[in-house]
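Student: take a look and give me a structure for this.
(one chain, ligands or ions: 1)
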Amino acid sequence: MPSQPSSTSLSWPEQSGDLPRDLPDRRALDRLLGEQFPEAGGSLSPLRGGRAAAETKLARLDPRRYTKSRNHLKGAVTGLSPYIRHGVLSLAEVRDAVFQRIRSRDEGIKLINELGWRDFWQRMWRDLGDGIHDSQEELKTGHDPASYARELPEDIRTGRTGLACMDEFQSKLTTHGWLHNHARMWMAAYVVHWRKVHWKAGADWFLEHLLDGDPSSNHLSWQWVASSFSHKPYFFNKGNLERFSDGQFCRSCSSSERCPFEGSYEQLENQLFANQGSIRDVPTRRSRNHQQRSGRQQSLKGSGQAAMARPKR
Ligand SMILES: Cc1cc2nc3c(=O)[nH]c(=O)nc-3n(C[C@H](O)[C@H](O)[C@H](O)COP(=O)(O)OP(=O)(O)OC[C@H]3O[C@@H](n4cnc5c(N)ncnc54)[C@H](O)[C@@H]3O)c2cc1C
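Tutor: Below is the predicted model:
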């Protein structure tokens, strides 16, 4: 337990051992935390906590814009995850707010779906318990699990990879404690597939910083990217990153001449994985339905669509 603050600081409750809640402003809170936890660098996230901030965000919910733009970094995502994570808002409350704003079910389906993912990961946690910390299945990458590094490389941890996108995601993660879903997916894929770091090292690092940090959503999503909790690894290419980030990183990136994400999905798959054929051959639900409808047994082999054909999240 931290020791009593100095006499110049705000008063510390004698009995509870809790931090003081009666602070004049956020600067005072920032100062107090700096004094009490000098080993924790940085300052407060600009994201505001509490019910009033949550309600303000809830009032801005726009399910139709969300459906069209959620994969874009500048899209109309809700930013509600920290409030949901800490019980400031319930999933049912967010669901009801969605229903109030739509004219047909189609308009809200995407956002309701995502709330469903949150609920799904929580249920998986209930079933698996501490098992979420272990790989759920074998990797589909063809690599020996022991070949992945167990420590996060220092250049990733400190945002010095020289890749404008990844360094910006590191900065946002450590200063805001929040990242857009696509940035989380890109960063996790970079850490696991390009840098060959075990998903657990990346997942633990995310949990150190995320204000919405939740062991189930986080660890199982990292495993989904790594392929120990999905039928194939998630990866991306430069075109995908440029499109959904509106090109904001690549234009000024000092590594643009040697971008590791440059190439077709097929080229990157050859470069990153040992199991290329089998990764491409796993039919997705969409392709299976299509095959059933058309009666043709089309093979995905060689289509280079592995990542694009993945279930969208
Ligand atoms: C590698 C990785 C790690 C992640 N770690 C976490 C985590 O620790 N905590 C966490 O809450 N989410 C996590 N997610 C899921 C998702 O990225 C965040 O919930 C989302 O980005 C939060 O932003 P938002 O509130 O604007 O989401 P919105 O897109 O506006 O969605 C509304 C709500 O639905 C839920 N939601 C949305 N997408 C997902 C998803 N893919 N999985 C589960 N729930 C979702 C969240 O509660 C979110 O607040 C992770 C995803 C990945 C790929």
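
Student: show me what from the stretch 1-150 of the chain comes close to the ligand.
Tutor: Contacts of the stretch 1-150 of the chain with the ligand, taken as C-beta under 6 Å from any ligand atom, map to 70, 77-81, 84-85, 114-115, 117-118, 121. Heads up, the C-betas are built off the backbone N, CA and C, glycines and all.

Student: buried ones among the residues you listed?
Tutor: Buried members of those, scored by 16 or more other C-beta atoms under 10 Å, are 70, 77, 78, 80, 81, 84, 85, 114, 115, 118, 121.

Student: what about the stretch 1-150 of the chain, any weak spots by pLDDT?
Tutor: 1-15 (pLDDT under 70).

Student: that one: helices as residue ranges?
Tutor: 26-36, 51-59, 63-69, 81-85, 91-101, 105-128 (DSSP state H, counting those that start in this stretch).

Student: quick one: those helices as CSV, columns for distance to residue 151 too.
Tutor: What follows is those, written out as CSV (distance: least, C-beta to C-beta, whole Å):
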stretch, distance to residue 151
helix 26-36, 27
helix 51-59, 36
helix 63-69, 37
helix 81-85, 27
helix 91-101, 35
helix 105-128, 25
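
Student: the ones you listed: which one's closest to residue 179?
Tutor: Of all those, the one in closest proximity to residue 179, counting by C-beta to C-beta, is helix 81-85 (9.8 Å).

Student: counting contacts, what elements does that closest one pack onto?
Tutor: helix 51-59 (3 or more C-beta pairs under 8 Å, 6 or more residues apart in numbering; DSSP states H and E).

Student: now the helix it packs on and helix 91-101, what's the angle there?
Tutor: On the basis of axes from the mean of the first three to the mean of the last three C-alpha atoms, to 10 degrees, helix 51-59 is oriented at 40 degrees to helix 91-101.

Student: so for helix 51-59, what gets flagged as buried?
Tutor: The neighbour-count check on helix 51-59 (16+ other C-beta under 10 Å) flags 54, 57, 58 as buried.

Student: the stretch 201-313 of the chain: helices as residue ranges?
Tutor: For the stretch 201-313 of the chain, the helices defined by DSSP H, counting those that start in this stretch occupy 215-226, 238-244, 265-272, 276-281, 285-294.

Student: comparing the ones you listed, which yields the minimum mean pLDDT?
Tutor: Set side by side, the helices of the stretch 201-313 of the chain differ in mean pLDDT, and helix 285-294 is lowest with a mean of 48.

Student: what's the neighbour count on residue 265?
Tutor: 20 (other C-beta atoms under 10 Å).

Student: surely it meets residue 237?
Tutor: Yes: between residue 265 and residue 237 there is a contact under C-beta atoms under 8 Å: 6.0 Å.

Student: contacts for stretch 96-103?
Tutor: Here stretch 96-103 makes contact (C-beta atoms under 8 Å, 6 or more residues apart in numbering) with 58, 61, 62, 63, 64, 108, 111, 112, 115.

Student: buried set for it?
Tutor: 97, 98, 102.

Student: out of the residues you listed, which is nearest to the ligand?
Tutor: residue 98 (9.4 Å; C-beta to the nearest ligand atom).

Student: nearest residue to the closest one other than its sequence neighbours?
Tutor: Nearest residue to residue 98 in three dimensions, chain neighbours excluded: residue 108, at 4.6 Å (C-beta to C-beta, 6 or more residues apart in numbering).

Student: can you check residue 224 too?
Tutor: Here the residue nearest residue 224, using C-beta to C-beta, 6+ apart, is residue 230, at 4.7 Å.

Student: with residue 176 instead?
Tutor: Closest to residue 176 by C-beta to C-beta, 6+ apart is residue 45, at 5.1 Å.

Student: list the contacts for that neighbour?
Tutor: Going by C-beta under 8 Å, 6+ apart, residue 45 touches 175, 176, 177, 178, 211.

Student: between these, which is nearest the ligand?
Tutor: Taking the contacts of residue 45 together and measuring to the ligand by C-beta to the nearest ligand atom, the closest member is residue 178, at 6.9 Å.

Student: is that closest one in a helix, a strand, or coil?
Tutor: coil (DSSP: H, G, I helix; E, B strand; the rest coil).

Student: returning to that earlier point: let me have the contacts of stretch 96-103 in TSV, extended by distance to residue 184.
Tutor: Shown next, in TSV, are the contacts of stretch 96-103 (distance: C-beta to C-beta, whole Å):
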residue	distance to residue 184
58	22
61	21
62	22
63	21
64	24
108	23
111	18
112	20
115	17
